[in-house]
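[1] Quick one, fold the following:
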Amino acid sequence: MTRKVILHAHIFKNAGTSIDNILKHNYKSQFIDHRDSDAIAAGKQVYLDEYLRQHTKIRAFASHHLPLPLKPSSEFEYHIISMLRHPIVRAASAYRFERNQRVDNRSADAAKRLDFADYVRWHMDLGSKMFINYFIRYCTSTILEPLTEQQRLETALQVSQDFSVLGIVEEFQASMRILQETLAAQQIPLKLIESKKNVTDTLDDDNEKKLKRIESQLGSELYADLYEQNKEDLLFYESALSGLKERLAIE
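    Sure, this is the predicted structure:
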């Protein structure tokens, strides 16, 4: 029999800590928030499979660097879950988070000394992947051959079809209900709890209001450039949002 394992693809500033909190509440010591990013980035699925072989009790595994896409396994029945936030709104959330976190790295240091516009400009001047189609790059991280952004988008959309749930941060409660129902159909129980961790935006605004505020902070030229640099991520996000709404409509 294959072993059922929930894999949480924790995309930075996409409610991942809230998801991990739910998984930890349910599985306790059988949940691992895996932080050895160098090891999993180097070993990819070979490392993941071997790690789970050695840790036989793990039922839920979270990583900021899940090696996607995964190949089918005869040993493990993987149930991949992830969340997406509007990529432009995510940029503002990342900035607020990095300004406040007590770590010493280049990005966090830049956030502490720069305003939001200069922080975004600093990342884009570096060619940083953090604000350039980060979603689709995460979902195609193990593909080595060069891809255009359009090819990467098409591949990421195909990869996401194998996810158990690709939720939407802006529809968090609905996404959690779908997650619970989807896992239950696979005989994987999941108890939902109130879980909002590492929340940096305390304003209860919709995305339209948030985007207007972000445009005023960045200026129209930089805002338009950020949109252009993330046009494939925006399409990926819209596809996931449409997919969630379709699943909700069936209920």
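[2] Can you give me the pLDDT of the closest residue to residue 31 other than its chain neighbours?
    Leaving out its chain neighbours, the residue that sits closest to residue 31 by C-beta to C-beta, 6 or more residues apart in numbering is residue 60, at 4.4 Å. No exception for glycine: its C-beta is placed from N, CA and C like everyone else's. Note for residue 60: predicted pLDDT of 98.
[3] Was I right to think residue 60 contacts residue 29?
    No - counting by C-beta atoms under 8 Å, residue 29 is not a contact partner of residue 60; they are 10.7 Å apart.
[4] ok so, going back, tell me who's in contact with the residue nearest to residue 31.
    Neighbouring residues of residue 60 by C-beta atoms under 8 Å, 6 or more residues apart in numbering: 5-8, 23, 26-27, 30-32.
[5] Ranking by neighbours, what's the top pick from those residues?
    residue 6 (26 neighbours; other C-beta atoms under 10 Å).
[6] Next, work out how far apart the closest residue to that one other than its chain neighbours and residue 104 are.
    Spatially, and ignoring its direct neighbours in sequence, residue 6 is nearest to residue 60 (4.2 Å; C-beta to C-beta, 6+ apart). Distance, residue 60 to residue 104, by C-beta to C-beta, to the nearest Å: 30 Å.
[7] before we move on, what about residue 236?
    For residue 236, the distance to residue 104 - C-beta to C-beta - is 32 Å.
[8] Compare the two (neighbour count), which wins?
    residue 236 (23 against 6).
[9] quick one: contacts for the more buried one?
    Residue 236 makes contact with 84, 135-136, 139, 153, 156-157, 160 under the criterion C-beta under 8 Å, 6+ apart.
[10] swap in residue 27?
    Contacts of residue 27 by C-beta under 8 Å, 6+ apart are 59-60.
[11] can you dump the C-alpha coordinates of the helix or strand hosting it into CSV?
    If you go by DSSP states H and E, residue 27 is part of helix 16-27. Written as CSV, here are the backbone C-alpha positions of helix 16-27 (Å, rounded to 0.1, in the frame of the first residue of the first chain):
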residue,chain,number,x,y,z
GLY,A,16,1.6,29.4,4.3
THR,A,17,2.2,29.8,8.0
SER,A,18,-1.6,29.7,8.6
ILE,A,19,-1.8,26.4,6.7
ASP,A,20,1.2,25.0,8.6
ASN,A,21,-0.6,25.9,11.8
ILE,A,22,-3.6,23.9,10.8
LEU,A,23,-1.4,20.9,9.8
LYS,A,24,0.5,21.1,13.0
HIS,A,25,-2.7,21.2,15.1
ASN,A,26,-3.9,18.1,13.3
TYR,A,27,-0.8,16.0,13.0
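[12] Tell me which residues are up against stretch 239-251.
    With contacts defined as C-beta under 8 Å, 6+ apart, stretch 239-251 is touched by 84, 157, 160, 166-168, 170-171, 174-175, 178.
[13] If we use 6 Å, what do you get?
    Stretch 239-251 is contacted by residues 84, 166, 168, 171, 174, 178 when judged by C-beta atoms under 6 Å, 6 or more residues apart in numbering.
[14] now swap in stretch 132-146 and tell me
    Contacts for stretch 132-146 (C-beta under 6 Å, 6+ apart): 11, 44, 67-68, 129, 149, 152-153, 155-156, 159, 229-230, 232-233, 236.
[15] Between the two ends of that stretch, how far is it?
    End-to-end distance for stretch 132-146, by C-alpha to C-alpha, to the nearest Å: 16 Å.
[16] chain center to that stretch, what's the gap?
    13 Å (C-alpha atoms, centre = their mean, to the nearest Å).
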